[in-house]
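Chemist: okay, predicted coordinates and the sequence, questions at the end:
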Amino acid sequence: MKIATWNINGVKARIDALTTWLKEAGPDVVCLQEIKSVDEGFPLDAVAAAGYQAAVHGQKGFNGVAILAKRPIEDVQRGLPGDPEDAQARYIEATLSGDHGRAVRVAGLYLPNGNPIGTEKFTYKLAWMERLSRRAKDLLALEMPVVLAGDFNVIPEPKDARNPANWASDALFQPGSRAALRALVAQGWTDAVRATMPGADVYTFWDYQAGAFQKNDGIRIDHLLLSPEAADRITAVGIDRHVRGWEKPSDHVPVWVDLEV
DNA sequence: ATGGTTGGTAGCCAA
């Protein structure tokens, strides 16, 4: 089962790129972030024409997540538990079945950016990460293949940025953000990309500004965290970097893992 | 160099 995550930065602006990539890559499951659309505005017809069903958790103007899949999307949960006051659409969970009939629980998440630091936005980011850790612990206890897939908005280590010094005062690279991600991973999750691509210059995001992609001035912030039951079944991991060079690209590219399930 | 670019929306805000 090929499971991908992609922050598409607006589903309406990216519908051509999305359908082109779906046909090219043929993932079984896709977690989308920043759809920037209400549920009713999601292009279900275009996605269906490409062979995918969709479960959408949208919001007007900002945020918004969705799960696309070739097979039925079951037991959908919208929203991250732990704060009934939180109205931001950043989390969706569902169960998918693989070719061999094994169920995989997939969480698609869009972790808060948190900039600028020193404001309530950064406080919200850390609180959201605490809630994610609590949910992740419950998911591990299921002792089944689970994938946490999304834009985590955290640069784990200096080698995950071409120019780490440029991110020193950014919420994505704060010691508190990095420590919270380390604590989450230390519960027992496997960072699939880092585990299979241990070298430098492995990035998933390049800013639109200042020719960042041309200079390969990227960062690695889109992650796939696998439970032990999922990590044991990895057959391939990839980053579709070439998509960043397409016309009208998102600033993020698809990241995927293939599981034997 | 506090710039630069993009998307959603209709003012600027978020990234």
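Modeler: Perfect, I can see it now. Everything numeric here is computed off the predicted structure, so don't read it as measured data.

Chemist: quickly find the element holding residue A:3.
Modeler: Taking DSSP states H and E as the criterion, residue A:3 maps to strand A:2-7.

Chemist: no, scratch that, I was asking about residue A:178
Modeler: Going by DSSP H and E, residue A:178 is in helix A:175-185.

Chemist: now the strands for the stretch 101-250 of chain A?
Modeler: A:103-110, A:146-151, A:190-191, A:205-206, A:218-219, A:222-226, A:234-239 (DSSP state E, counting those that start in this stretch).

Chemist: now do the third one: distance to the chain's middle.
Modeler: The chain centre lies 13 Å from the centre of strand A:190-191; the measure is C-alpha atoms, centre = their mean, to the nearest Å.

Chemist: just checking, what packs against the helix or strand that comes right after the strand holding residue A:3?
Modeler: Once the chain leaves strand A:2-7, the next helix or strand it forms, by DSSP H and E, is helix A:15-25. Here helix A:15-25 touches strand A:2-7, helix A:44-49, going by 3 or more C-beta pairs under 8 Å, 6 or more residues apart in numbering; DSSP states H and E. Yep, even glycine has a C-beta here, placed from its N, CA and C like the rest.

Chemist: direction included, what does the first one pair against?
Modeler: Read that as strand A:2-7. Under the criterion DSSP bridges, strand A:2-7 sits next to strand A:29-33 (parallel), strand A:255-259 (antiparallel) in its sheet.

Chemist: do stretch A:124-132 and DNA strand B meet?
Modeler: No: using C-beta under 7 Å from any atom of the strand, stretch A:124-132 never reaches DNA strand B; the gap is at least 9.1 Å.

Chemist: would you mark the buried spots in that stretch?
Modeler: A:124-129, A:132 (16 or more other C-beta atoms under 10 Å).
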